[in-house]
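# Fold the following, please.
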Amino acid sequence: MDALDASKLLNEELYSRQLYVLGSPAMQKIRGARVLLSGLQGLGAEVAKNLVLMGVGSLTLHDPHPTCWSDLAAQFLLSEQDLERSRAEASQEPLAQLNRDVKVIMHTGDITEDLLLDFQVVVLTAAKLEEQLKVGTLCHKHGVCFLAADTRGLVGQLFCDFGENFTVQDPTEAEPLTAAIQHISQGSPGVLTLRKGANTHCFCDGDLVTFSGIEGMVELNDCAPRSIHVREDGSLEIGDTATFSRYLRGGAITEVKRPKTVRHKSLHTALLQPHVVAQNPQEVHRAHCLHQAIRALHKFEHLHGRPPQPWDPVDAETVVGLAQDLEPLKWTEEEQLEQPLDEALVRTVALSSAGVLSPMVAMLGAVAAQEVLKAISRTFMPLDQWLYFDALDCLPEDGELLPSPEDCSPRGSRYDGQIAVFGADFQEKLSRQHYLLVSCEVGAGAIGCELLKGFALVGLGAGNSGRLTVADMDHIELSNLSRQFLFRSQDIGRPKAEVAAAAAQGLNPDLQVIPLTYPLDPTTEDIYGDNFFSCVDGVAAALDSFQARRYVAARCTHYLKPLLEAGTLGTRGSAKVFVPHVTEAYRAPASAAASEDTSYPFCTVRYFPSTAEHTLQWARNEFEGLFRLSAETINHHQQAHSSLTDMDGAQTLTLLKSVFGVLRQRPQNWQDCVAWALGHWELCFHYGIKQLLRHLPPNKVLTPTPCTHTRLRAPMPVLLLLVWLQDTHLLYIWAAANLYAQMHGLPDSRDSTALRELLKLLRQPDPQQMVPIFPSNPELASASAEFGPEQLKELNKALEVWSTGPPLKPLMFEKDDDSNFHVDFVAAAASLRCQNYGIPPVNRAQSKLIVGQIIPAIATTTAAVAGLVILELYKVVGGPRPRSAFRHSYLHLAENYFIRYMPFAPAIQMFHHLKWTCWDRLKVSAGQPERTLESLLAHLQEQHGLRVRMLLHHPALLYSARWSPEKQAQCLPLRVTELVQRVTGQKPTPGPRVLVLQLSCEDEEEDTAFPPLHYEL
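Numbers count the residues shown, from 1 in each chain. Next comes the predicted model:
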């Protein structure tokens, strides 16, 4: 906009989802950062991709080594045409295309001490230990943040050294606690009482807090942070307030986050005294053994000039011996670690260490990139100091099924890095698969892009009989580009499925990808039906609503297909696997329905808000009513040439009176729109509040009412001074006037200075022209206003005037266009509403997040969960595995929390002699000729001992034992499909091969859920 906005150095639309994770100050630091990345194999490419997408200022690439076949298994920036070219040279332009805001530079010389001084962060990937020690020592000496990362087959290693005195300004991802104030006493100490329902249990002794928006005791507003003491009753002692003014009303208390200092050891020291990220002692021991295994691999390469051969038992035993001979690890310089070496673990690491796997580098590259951001922005606590991640559970538990050295030898293939771990036979299995990818209620969202990239690299569906299907009805937007790396700026507006399919085939020309632009939901079961799913081997899903997840999971359960599922929220992510008859099926959290359909009582939103969410819902309703519904209503009456009647409803009539406002004719110019906006501003925030207080004075509002059932605070009207000189009031009028002009097809204005001058010239609105907001009995808190014949006549007269011009343009709320005033109107309206009611407001960004139902997202978490999903894909494709082989995963990159755990087994239900789980079903053949209902019921009793009480097809009741004999006699002789057609009124479609019926039986328990009856046609 202009004077109301600070100058912006960020493309906020491009980085919008990331800004909600990191915040603007952190993003400003990231945009100015300089990073050196050495090593452009698969892991380096993942780190680079994430940093470029997230907008690091400049990225310098270093890797003079030539591209080889094994690189192509995980390095998505390279292709067969790049063989023998240096990896850095071949990767530079593809990386630059991801984000033209980032300078991607190539360095061709050696890494010298002088070179390192030019960077804030240095990252080495897949480097020799000698190089790591040399560069790490220099970085530690000069205060340059240093990271070293590597993957060896199914094991990954990450080391961080941010120096001996690194200050983290914002240690956690959580927003600072804030709560509304009820009262503050004058005294030493002053005691602050929080408003009922506030976060009283969240504040702790010693927390630092600040205050804002307090009326009366204004000395506290924006004061230096104060330490608090929490009393037994939940009130807070806030220090001496004895000499301060008397507290009147309002205000908020806000936590001040304390910076934390991190002290890291150099790599040279940490190599023998490793601090590892682990959640329990068993993980600590395993990490220490992996640490020694990687050290032994470096020693092997130093001695033999090569890594161990794939699955070579001789080389593996050599590595075990080297690990046993290593200098023991220490807790401190004097105290040694007394832990035995897990030789079997070291041996398995050595056998599978020659390979490079796409999902492993995706996972480690994501974590490494997040650590780079922590170093740059000083946001979130860094790793302390070693992270080991292994997915050795991907290997068969039965040793006889492990690959042989011959099966894992190089083929001169793009999959050589993967064949070195799993063998050529497994690669052939992958190529024959047919998988369906659905994401963000469609297929090519952020996680979907990462999954599609991973599928291309591992060769899923890349054989003659394999394929991938990507289902997506969405189109590409600018905000997608910071995470959905398969898309470019020139793709904006194009279908995601088609662009993603073409991009994936560019990564692997052998990949067979079918893009579909239809959603996967109940309306498209004729497309995604029996024929479609009969050819699918599994489904990968990353859906952003529980409703969509439940539907896709139900289809997988119905067709007995494995489901790989992932999701993210900021730096939190999860990946889960659901395998028929092995694990439980997907279940949404119990709170899912409530969280997706958060609604507030009408009276609370309209008259008695107590939270910022209430005011935002009110503001969103205002937008819909004023700028969409009203335009649609006026256009309808214009086209139908009809007049308003009391049958239109008082709510509609009130809405139209608000839209006509203080004007007596349709607006003709910008000044008319400003006059309307000024009148509506006074109605909402001054006159309407005064009217509310007349009907419900403060002493009455502060008691429970039929609308609220809670203790309420009386609102205060905005003072009628030159409040439009204040930014929030001016923004409201400016946004409202612009939206009103857009709706009427008039030119708008972007000049806020001219608006200030115009407001000084306009007359104060006449309160008599404003809409009454209460009926005669306001305590009922009804939405309606009473309209008599005179008011209807007046509204019809205005409607005639409004109908003389062209149709109005209904405005559809669009959150991602920051130039359209939509979010500005809602944010300003909610902020003023908060001011009326003494509620702590939220800023524009938070308003956009809440109203737009935006899910904060960042490229690192997206890439990590995609890698975790594909690790589970290996197990699903590899053949029958026990439940102990599979892993659900959860990570929180901001908190350095990583956990993988075994899925639950499917719950077993019993009825008499029958046992079943959610994956089982009763199968009955329709037969030739088709059986009747009577035959079906008899079959169920004879074969399964089930005496059916009710039989349903979806909601339609096909049979009930309680029906009269006459009604039963009419239905029992009918063929089942004929009965279904008669009851539902729908003819069977030719696609389905099965009718799914639900039944209940005599003597069943209340919580018994019988398996579905599949009536096979």
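# Let me see the domain layout of this protein.
Per the TED database, the domain ranges recorded for the chain read 15-168, 178-256, 433-605+867-901, 610-640+650-697+714-773+790-838, 908-1016.
# what's near enough to touch the residue lying closest to Trp69 once chain neighbours are set aside?
With sequence-adjacent residues excluded and distances taken as CB to CB, 6 or more residues apart in numbering, Trp69 is closest to Asp416, at 4.9 Å. Backbone N, C-alpha and C define where each C-beta goes, glycine included. The contact partners of Asp416, by CB atoms under 8 Å, 6 or more residues apart in numbering, come to Trp69, Ser70, Leu72, Ala73, Pro410.
# per-residue confidence for Asn699?
On pLDDT, Asn699 comes in at 62.
# let me fix that: Val52
On the pLDDT scale, Val52 gets 96.
# quick one: contacts of the longest helix anywhere in the chain?
In the chain, with assignment by DSSP state H, the single longest helix is helix 281-304. By CB under 8 Å, 6+ apart, the surrounding residues in contact with helix 281-304 are 128-130, 150, 152, 155, 157, 271, 274, 276-278, 307-308, 315, 318-320, 322-323, 326, 329, 337, 339, 341-342, 345-346, 349-350, 353, 386, 388, 390.
# again, 6 Å this time
129, 155, 157, 274, 276, 278, 307, 319, 322-323, 326, 329, 339, 342, 345-346, 349, 353, 388 (CB atoms under 6 Å, 6 or more residues apart in numbering).
# pLDDT on that helix, on average?
Mean predicted lDDT for helix 281-304 stands at 96.
# buried stuff in the helix or strand that that helix is followed by?
Following helix 281-304 in sequence order, the next helix or strand is helix 313-325 (DSSP states H and E). By neighbour count with 16 or more other CB atoms under 10 Å, helix 313-325 contains the buried residues Asp315, Ala316, Glu317, Thr318, Val319, Val320, Leu322, Ala323.
# what pLDDT does the residue lying closest to Cys834 once chain neighbours are set aside get?
The shortest distance from Cys834 to any residue other than its chain neighbours is 4.0 Å, reached at Pro841 (CB to CB, 6+ apart). At Pro841, the predicted lDDT confidence score is 85.
# Surely Pro841 is within a helix?
No - per DSSP: H, G, I helix; E, B strand; the rest coil, Pro841 lies outside any helix segment and is coil.
# looking at the protein, which helix or strand is least sure?
helix 592-596 (a mean of 53; mean pLDDT, DSSP states H and E).
# coming back round to it: confidence-wise, which of the domains of the chain is weakest overall?
Of all the domains of the chain, domain 610-640+650-697+714-773+790-838 has the smallest average pLDDT, which comes to a mean of 82.
# beta partners of the spatially most central residue of the chain?
Centroid-nearest residue in the chain: Leu569, 3.7 Å away (criterion: CA atoms, centre = their mean). Residues in a beta bridge with Leu569, per DSSP bridges, are Arg572.
# Please apply the same query to Val104.
Leu59.
# and it, how many neighbours?
Val104: 24 surrounding residues under other CB atoms under 10 Å.
# Leu364 too?
As a burial measure, Leu364 scores 27 neighbours (other CB under 10 Å).
# how much space between it and Leu868?
11 Å (CB to CB, to the nearest Å).
# swap in Glu565?
11 Å.
# which one of those two has more residues nearby?
Leu868 (30 against 25).
# Checking the more buried one next. Helix, strand or coil?
Leu868 - assigned by three-state DSSP - is helix.
# need the contact list for it.
Ala575, Ser889.
# can you rerun that using 10 Å?
Contact analysis of Leu868 by CB atoms under 10 Å, 6 or more residues apart in numbering lists 359, 362-363, 366, 389, 391, 564, 566, 573-577, 887-891, 898, 900.
# Check for me that Arg900 belongs to a strand.
Yes - counting by three-state DSSP, Arg900 is part of a strand.
# Correct me if wrong: it contacts Ala885.
No - using CB atoms under 10 Å, Arg900 makes no contact with Ala885, being 11.8 Å away.
# Quickly list what's touching both of those two.
Common contact partners of Arg900 and Ala885 (CB under 10 Å, 6+ apart): Asp393, Glu872.
# now, which of the contacts of Asp416 sits nearest Val605?
Relative to Val605, the closest of the contacts of Asp416 is Ala73; by CB to CB it sits at 55.1 Å.
# That closest one touches Arg411, doesn't it?
No - using CB under 10 Å, Ala73 is not in contact with Arg411; the gap is 11.4 Å.
# Great, nothing more from me.
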